[in-house]
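>>> Here you go, sequence then predicted model.
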Amino acid sequence: MAKLQPPENFDFSSPNKWNNWKQRFSFYRTASKLHKEDGDIQVATLVYTMGKEADNLLKSFELSESSSKYATGSVVLQKQDNGDFKPVSFASRTFTPTELSPVSQLQKKRLEEIKSEQKSDYVCSKLIEYTYNGWPSTESCEIAKLYKPYRSEITVNKGLLMRNDRLIIPTDMRLDILSKLHQAHQGIARAKESVWWKCISRDIQQLIQNCDICAKFQNDKREPMISTPFPRRSWSRLGSDLFHWRGHTYLLVVDYFSRYIELSRLTSTSSMAVVEHFKSILSRHGLCDTIVSYGGLQNTSDVFRQFCLKYGIEHVTSSPRYPLGNSEADRAVNTVKRLLSKCDDPYEAMTIYRATPLPHNGLSPSQMLFGRRIKTTLPQAPQKLLPSNIN
């Protein structure tokens, strides 16, 4: 098959042909997979393809940028006949509260640290070189041979070496990343969200096997499969339960669709207190269609009945002799107790659970409920935090 050729140089004397030329270059960009390359490579390819006149035109402009602690701005300067540069366009904006937050600045610093370590790491630097200049034959290069199965997935995005949308972690940073992956003792699933290196699953498995906390709370008993109606959308059918943990009573609410768990610590176990916490939870996520709960006094009282009637919620109770009728909430309680047993900070434990992909579909509870990933202490590419459609 002949090598794909870019379109011919653009004829600047016929500006009315620009749209046709731009469409041809767009086809070439997609067919050659140029769109997956770093932005600098794409710009250089475009200017080279357009021809020398485009290069001269580009050199007649300069971009001046400036930023402070609170804002950033840029000015486009065009070269005049006398050699001076004059401004022709400008833009500026203040940073959002999120961008100004120490957490956001820390994340940027962390990504820059990874980028620097990738360039210093021998294997990562070679992978970056192969991505830009082409892969050598596997017979002559051991690194190319080891990474051959992944080479179509390895790219450089804004200076960061990645496999698809996961950061490739250099050797010297892996122990630190492993400790972050194992913060709530959630196993291998979290790694699939944001980071990768060769044999990462093996390294995590070894960490789990050598972890005293994971060994202490390992659940060897297989839970029976209980069939429950699966809703067609998130936050439609909720399971609810009260449980005791270390001297406190908690209200747990779990979404059947996304497995997203809400947890509220109760100062009172009265029906009124349970209803108030339910109202708080529903105010954040919207009303549901159905609540499934045990037939305790809090859930069978007139207060709870009036609450469901007011908000148009169907209330289904499980039989005291058949508690597995509320198995979704029961499983969620067991999950939360394991998390709280392994992690000193309950809020951190719940954040990590909500960000960890579920085994049956590879999506996290937050993705299933919100249509986006939530930010954690684990470094990840910024574009992974953008909202996406979940079918």
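Yep, it's here.
>>> can you give me the strands for the stretch 251-391 of the chain?
Ranges of strands within the stretch 251-391 of the chain are 261-266, 290-294, 314-318, based on DSSP state E, counting those that start in this stretch.
>>> what does the second one rub up against?
Spelled out, that is strand 290-294. Identification of contacts with strand 290-294 by CB atoms under 8 Å, 6 or more residues apart in numbering yields 236-242, 278, 299, 308, 313-318, 320, 323, 325-326, 328-329. Every residue, glycine included, has its C-beta placed from N, CA and C.
>>> Parallel or antiparallel, which strands does that strand pair with?
Here strand 290-294 is paired, per DSSP bridges, with strand 237-245 (parallel), strand 314-318 (parallel).
>>> Tell me what angle the first one forms with strand 261-266.
Interaxial angle of strand 237-245 relative to strand 261-266 (axes from the mean of the first three to the mean of the last three CA atoms, to 10 degrees): 40 degrees.
>>> Return the mean pLDDT over strand 237-245, rounded to an integer.
The average pLDDT within strand 237-245 is 92.
>>> And that strand, how far out from the chain middle?
When distances are taken as CA atoms, centre = their mean, to the nearest Å, strand 237-245 is centred 27 Å away from the chain's centroid.
>>> Just the buried positions in it, please.
Within strand 237-245, the residues that count as buried by 16 or more other CB atoms under 10 Å are Arg237, Leu238, Gly239, Ser240, Asp241, Leu242, Phe243.
>>> Also the last one?
With burial defined by 16+ other CB under 10 Å, the residues of strand 314-318 counted as buried are His315, Ser318.
>>> In this structure Lys384 contacts Ser194, no?
Yes. Using CB atoms under 8 Å, Lys384 makes contact with Ser194 at a distance of 6.5 Å.
>>> the more surrounded of those two?
Ser194 (22 against 15; other CB atoms under 10 Å).
>>> Comparing the strands of the stretch 251-391 of the chain by mean pLDDT, which bottoms out?
Among the strands of the stretch 251-391 of the chain, strand 314-318 carries the lowest mean pLDDT, at a mean of 87.
>>> May I have the beta-bridge partners of Val76?
Here Val76 sits in beta bridges with Leu63, Ser89, as judged by DSSP bridges.
>>> again but with Phe85, I slipped
Lys79.
>>> tell me the contacts of it?
Contacts of Phe85 by CB under 8 Å, 6+ apart are Glu62, Leu77, Gln78, Lys79.
>>> and which of those residues is nearest to Asn210?
Using CB to CB, Glu62 is the member of the contacts of Phe85 that lies nearest Asn210, at 56.3 Å.
>>> lowest average confidence, helix or strand, in the chain?
None of the helices or strands of the chain scores lower by mean pLDDT, DSSP states H and E than helix 97-100, at a mean of 56.
>>> Which residue lies closest in space to Thr94, excluding its sequence neighbours?
Closest residue in space to Thr94, ignoring its immediate chain neighbours: Ala71 at 4.5 Å, by CB to CB, 6 or more residues apart in numbering.
>>> Surely that neighbour is in contact with Ala91?
No. Ala71 is beyond contact range of Ala91, at 11.2 Å (criterion: CB under 8 Å).
>>> In terms of distance to Lys17, which of the contacts of Phe85 ranks first?
Comparing these against Lys17 with CB to CB picks out Gln78 as the nearest, at 23.8 Å.
>>> Now do the contacts for the closest one.
Counted by CB under 8 Å, 6+ apart, Gln78 has contacts Ser60, Phe61, Phe85, Lys86, Pro87, Val88.
>>> show me the contacts for the last one.
Listed by CB under 8 Å, 6+ apart, the contact partners of Val88 are Val76, Leu77, Gln78.
>>> at 10 Å what do you get?
For Val88, the contacting residues are Phe61, Val75, Val76, Leu77, Gln78, by CB atoms under 10 Å, 6 or more residues apart in numbering.
>>> do the same with the second one
Taking CB under 10 Å, 6+ apart, we find Phe61 in contact with Val76, Leu77, Gln78, Lys79, Phe85, Val88, Ser89.
>>> Spatially nearest residue to the second one (excluding sequence neighbours)?
Nearest in space to Leu77, with sequence neighbours left out and distances taken as CB to CB, 6+ apart, is Phe85 at 3.9 Å.
>>> residues near Gln380, how many?
Gln380: 20 neighbours (other CB under 10 Å).
>>> ok, it to Val195 distance?
Using CB to CB, to the nearest Å, Gln380 is found at 7 Å from Val195.
>>> what sits in contact with each of these two?
Both Gln380 and Val195 are in contact with Arg166, Leu167, where contact means CB under 10 Å, 6+ apart.
>>> For the stretch 101-250 of the chain, just list every one of the strands.
In the stretch 101-250 of the chain, the strands defined using DSSP E, counting those that start in this stretch lie at 154-157, 160-163, 166-168, 195-196, 237-245, 248-255.
>>> Just read off the phi/psi values of Ser74.
Note on Ser74: its backbone torsions stand at phi -150, psi 150 [degrees, to the nearest 10].
>>> quick one on the thing from earlier: could you work out the most separated pair of the contacts of Phe61?
The span of the contacts of Phe61, defined through CB to CB, is set by Lys79 and Ser89 at 14.2 Å.
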